[in-house]
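**Q** the following block contains a protein sequence and its predicted model.
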Amino acid sequence: MASQPVLSSDHGETNRTSVAASAGLGVVTAAVGYLLTALLIAGEVSDGAGEEVADWKGIAWYYYNGHMVDISGSGSIGGFSSSDTVNFLAESSSTSATLVYVVPPIVLLATGAALAYHFGTRDIGSAVLIGAPVTIGYAVVMGLGTLVTEASGEWSAFGIDATASMAPETMPAIVLAGLLYPLVFATAGAVLTAVLRS
């Protein structure tokens, strides 16, 4: 008599484990990308972002620029206000600053590949299920980053008040940097590894 397959919760548990690991590595990947950006543009931050901006915030702005996300600035003097956007990487003449554009794709591809290798993925469907959840952790970091990296100030002289603030543009930071980049590159890294292993 042929034995019947026994259903177990192991497969579901493995899926939950891989999603949690992928999401957690999304957070780590964002941090690694930030640190690599810091190494590449360490000497440029105060020149580009300004000396009054904390270096760690300036580095984050360059990292967002590496995802094609502009930094939005707004200010007002008296009753007049204005706003503009800036991309520090585009304005930089440094070769090392230009390399920041390749940091997000490389770290995300590496993360997807590492996950697929760790879980022994050999088919494209499983690779997508392992690579795509990196987006969860990465999007959280990039979304929160728009809030914590905002720089603002207020001044008053001769009875005239002035304010200024700068921060990554929120929607592009969430949609482009937080969702599209990891969804494309982490998944591609996982799929590529699965194809090579099979």
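**A** Happy to help now that I have it.
**Q** what comes up buried for stretch 62-77?
**A** Judged by neighbour count (16 or more other C-beta atoms under 10 Å), stretch 62-77 contains these buried residues: 62-72, 75. All C-beta atoms are positioned from the backbone trio N, CA, C, and that covers glycine.
**Q** check which helices and strands the longest helix seen in the chain sits against.
**A** Identified as the longest helix of the chain according to DSSP state H is helix 10-41. On a contact count with 3 or more C-beta pairs under 8 Å, 6 or more residues apart in numbering; DSSP states H and E, helix 10-41 meets helix 55-66, helix 95-98, helix 103-118, helix 124-131, helix 134-148, helix 181-197.
**Q** would CSV of those with distance to I160 and mean pLDDT be doable?
**A** What follows is the helices and strands packed on helix 10-41, written out as CSV (distance: least, C-beta to C-beta, whole Å; pLDDT from 0 to 100):
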stretch, distance to I160, mean pLDDT
helix 55-66, 27, 94
helix 95-98, 36, 86
helix 103-118, 41, 96
helix 124-131, 53, 92
helix 134-148, 29, 96
helix 181-197, 42, 96
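**Q** and these: which comes nearest S18?
**A** Closest to S18 of these is helix 124-131 (C-beta to C-beta; 5.2 Å).
**Q** centre of the chain to that closest one, how far?
**A** Helix 124-131 sits 20 Å away from the centroid of its parent chain (C-alpha atoms, centre = their mean, to the nearest Å).
**Q** show residues contacting it.
**A** Helix 124-131 is contacted from outside by 15, 18-19, 22, 112, 115-116, 119, 121, 186-191, 193-195, using C-beta atoms under 8 Å, 6 or more residues apart in numbering.
**Q** quick one, phi/psi of the closest residue to V19 other than its chain neighbours?
**A** Once flanking residues are discounted, V19 sits nearest to P133: 4.6 Å by C-beta to C-beta, 6 or more residues apart in numbering. Here the main-chain torsion angles of P133 (degrees, to the nearest 10) amount to phi -70, psi -10.
**Q** P133 contacts G26, correct?
**A** Yes: in this structure, P133 is within contact of G26 by C-beta atoms under 8 Å, at 7.3 Å.
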